[in-house]
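Visitor: predicted structure and sequence below. I'll ask about it afterward.
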Amino acid sequence: MRKIARVSLAALAVLSLGLATPSLAQPAPRPVPEGPAGRILGCLRVVNLTEAQKDAIKAVFETARPAVAAAAQDVKAAGEELKTLMQATNKDACAIGNALIALQTAREGLRTELEKVRTGVEAVLTPEQKAMLAGCLAAPHGGPGNIAFEGEPEF
């Protein structure tokens, strides 16, 4: 009985090691970058950038960082203002309408800044890379992401 238990235990250990090994061998997926430009950064991972392209794109992001951060902050502030007005006991329809317009204007400003980033990035890419980027950006995604625009661009 003891011998059967030892053999069973050894077989179980080998089996569990064998099952665990493939999952350990695979690299962990890289997290999708957060922030307004996170989609562009995430999609740049699939376009096979050269080192020169990576350097040029980092420069595009560094140049755009202050304007994108300011536009993202405007969206956040406008959204918070609208939320505050909507949660008020006595709702002022005129103030809410103005807050909605301010939020829409802020979002358009952020879209404009992000389009400048995309244009700058595309200027560095080959036609094939542009097509790959466009396809990735057009694909469904999980949500708007975080508004923060921090850290180094990672591709």
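Guide: Nice, thanks for sending it over. From a predicted model like this one, the values you see are computed outputs, not experimental measurements.
Visitor: and residue 59, how far from residue 69?
Guide: From residue 59 over to residue 69 the distance is 17 Å, taken as CB to CB, to the nearest Å. All C-beta spots, glycine's among them, are computed from the backbone N, C-alpha and C.
Visitor: which other helices and strands contact the lengthiest helix in the chain?
Guide: Among the segments of the chain that qualify as a helix by DSSP state H, the longest is helix 51-87. On a contact count with 3 or more CB pairs under 8 Å, 6 or more residues apart in numbering; DSSP states H and E, helix 51-87 meets helix 93-122.
Visitor: by contact count, what packs against the helix it packs on?
Guide: Helices and strands in packing contact with helix 93-122 are listed as helix 38-44, helix 51-87, helix 127-138; criterion 3+ CB pairs under 8 Å, 6+ apart.
Visitor: please repeat the previous calculation with a cut-off of 7 Å.
Guide: For helix 93-122, the packing partners by 3 or more CB pairs under 7 Å, 6 or more residues apart in numbering; DSSP states H and E come out as helix 38-44, helix 51-87.
Visitor: may I have the first one as PDB, with CA atoms only?
Guide: Right, helix 38-44. What follows is helix 38-44, C-alpha atoms only, in PDB (Å, rounded to 0.1, in the frame of the first residue of the first chain):
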ATOM      1  CA  GLY A  38      -2.300  54.400 -25.000                       C
ATOM      2  CA  ARG A  39      -4.100  53.000 -28.100                       C
ATOM      3  CA  ILE A  40      -1.500  54.400 -30.400                       C
ATOM      4  CA  LEU A  41       1.400  53.100 -28.200                       C
ATOM      5  CA  GLY A  42      -0.200  49.700 -27.900                       C
ATOM      6  CA  CYS A  43      -0.700  49.400 -31.700                       C
ATOM      7  CA  LEU A  44       2.900  50.500 -32.400                       C
END
